[in-house]
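# here's my sequence, what's the structure:
(one chain, ligands or ions: 3)
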Amino acid sequence: MSGEAGRSAVLLLAHGTPDVLGEMAAYLSKVTGGRPLPQEVVEELQHRYRQIGLGETPGAEAPPLTKWTLIQAHLLERSLDRNGDSNTRVYVGMRNWHPYIADAIAQMRLDGVTHIKAICLAPQNSRTSVGLYRKAVLAAADGLEVDFVAGWAEHPLLAQAFAERLWPVWALACAQSKRRVPVLFTAHSVPCRTVMTKEASDNGASQQEPPDTYAVEAKRTAELVAQHMAPVGFGEKDWYFAFQSQGVSGGPWIGPTVEETLKSIKDEGHVGVVMQPIGFLCDHVEILYDIDIAFTEKARELGLKLWRAESLNDSDVLINALTQIATGQYKAVVDEAIVPAQV
Ligand SMILES: C=CC1=C(C)c2cc3[nH]c(cc4nc(cc5[nH]c(cc1n2)c(C)c5CCC(=O)O)C(CCC(=O)O)=C4C)c(C)c3C=C
Ligand SMILES: [Fe+2]
Ligand SMILES: [Fe+2]
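Numbering: from 1, shown residues only. Ligands and ions are numbered 1, 2, ... in the order given. Predicted structure coming up:
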């Protein structure tokens, strides 16, 4: 991937997470774009992060999201090397905490990179995730060429990677329950206004922004994972879909919620459920707290046993998917060669 005119490199984009509890208010201010959240929200999130191992001082390891994202970058660099791209470096930039996207791009410049292939570690495209990553990249990348990968929800290796994690836990759940256990696929919720068509103003002329494709893409990924499970007897009636982790602000968020879907699953006579989030590529608070602690307790109250598929984390198949995107072997949805401004 080293071009003649300059060097190409990959930039993996991720959410970011605080390193210690005392950084929570500053971190949340990044997440909301500076809009302060009530002190109770800051404390509730500190409580959740404490439950997943964050402390007052840095731990021996980085928090899970940072740790796994850096491991994924390292594995991708090795995989590109094996594919013959031995000069292609992989950088990590986070939107809301260190290492920031702007700092990663500054380092890329120092290293002589002129062409950035930016890949979001959020496969389903939404204005509230991928859209904000794009904005952060373009703000920092003036004069550099950017291929921005805006969506890869239908990548067959993504579905395969999730199916590989799902199959063993689904088999275990069915064996332990001595009956078929449904799977509940989830993706992060977004505010309802996000998925609605928007009026955008372009040089004073009002025009319609297309609707956000996120909800459709999230369900499509789930459908493809279910299709990958067909050879082991997994059928259409074996799965449900819900949006998890509705936020604390911005009006109503899209559903169905996990809480109401668990209730429906119970009402349909099931005794257990296997959860698999198909929008997250590694462990972080919305898996380790929301699913492993909060939804597990909710399910228990309803009389359901909850299992969770292991996160992709260092999955070889995920790394192969990213390799195919980085090398162009897989045609992801790309905003090609944006040059933010002339040097
Ligand atoms: C597709 C949309 C979103 C994904 C994917 C997503 C992943 C994600 N989020 C966090 C942590 C937080 N997100 C918070 C708020 C928030 N998240 C989204 C959308 C996605 N997040 C929106 C639209 C918002 C609201 C932002 C606002 O301006 O208010 C917060 C703040 C508290 C809250 O509202 O819940 C946190 C914390 C992680 C770690 C993550 C995936 C890695
Ligand atoms: Fe979020
Ligand atoms: Fe969230």
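
# show me the contacts for residue 117.
Taking CB atoms under 8 Å, 6 or more residues apart in numbering, we find residue 117 in contact with 1, 8-11, 147, 149, 326. In short, each C-beta sits where N, CA and C put it, glycine included.

# could you rerun that using 7 Å?
By CB atoms under 7 Å, 6 or more residues apart in numbering, the contact set of residue 117 is 8, 10, 147, 326.

# surely residue 291 meets residue 274?
No. Assessed by CB atoms under 7 Å, residue 291 is found out of contact with residue 274, at 10.9 Å.

# name the nearest of the contacts of residue 117 relative to residue 98.
Taking CB to CB as the measure, residue 98 lies nearest residue 10 of the contacts of residue 117, at 19.1 Å.

# shouldn't the closest one be in contact with residue 325?
No. Using CB under 7 Å, residue 10 is not in contact with residue 325, being 8.9 Å away.

# higher neighbour count, these two?
Legend: neighbour count by other CB atoms under 10 Å for residue 10 and residue 325, higher for residue 10 (28 against 23).

# any regions of the protein where pLDDT drops low?
Along the chain, the parts satisfying pLDDT under 70 run over 1-5, 197-208, 336-343.

# can you list the domain ranges for it.
7-17+63-152+315-338, 156-308 (automatic domain parsing).

# tell me which of those domains sits nearest to residue 56.
Across the domains of the chain (criterion: CB to CB), the nearest stretch is domain 7-17+63-152+315-338, sitting at 13.4 Å.

# check contacts around residue 20.
Counted by CB under 7 Å, 6+ apart, residue 20 has contacts 54-58.

# now rank these by neighbours and give me the top one.
That'd be residue 54 among those, by other CB under 10 Å, with 23 neighbours.

# using the three-state scheme, assign that residue.
Put simply, residue 54 is coil when judged by DSSP: H, G, I helix; E, B strand; the rest coil.

# was I right to think it contacts residue 21?
Yes. Counting by CB under 7 Å, residue 54 touches residue 21, with 5.6 Å between them.

# contact residues of this protein facing ligand 1?
15, 17, 28, 31-32, 35, 45, 65, 122, 126, 128-129, 188, 190-191, 214, 247-250, 279-280, 284-286 (CB under 6 Å from any ligand atom).
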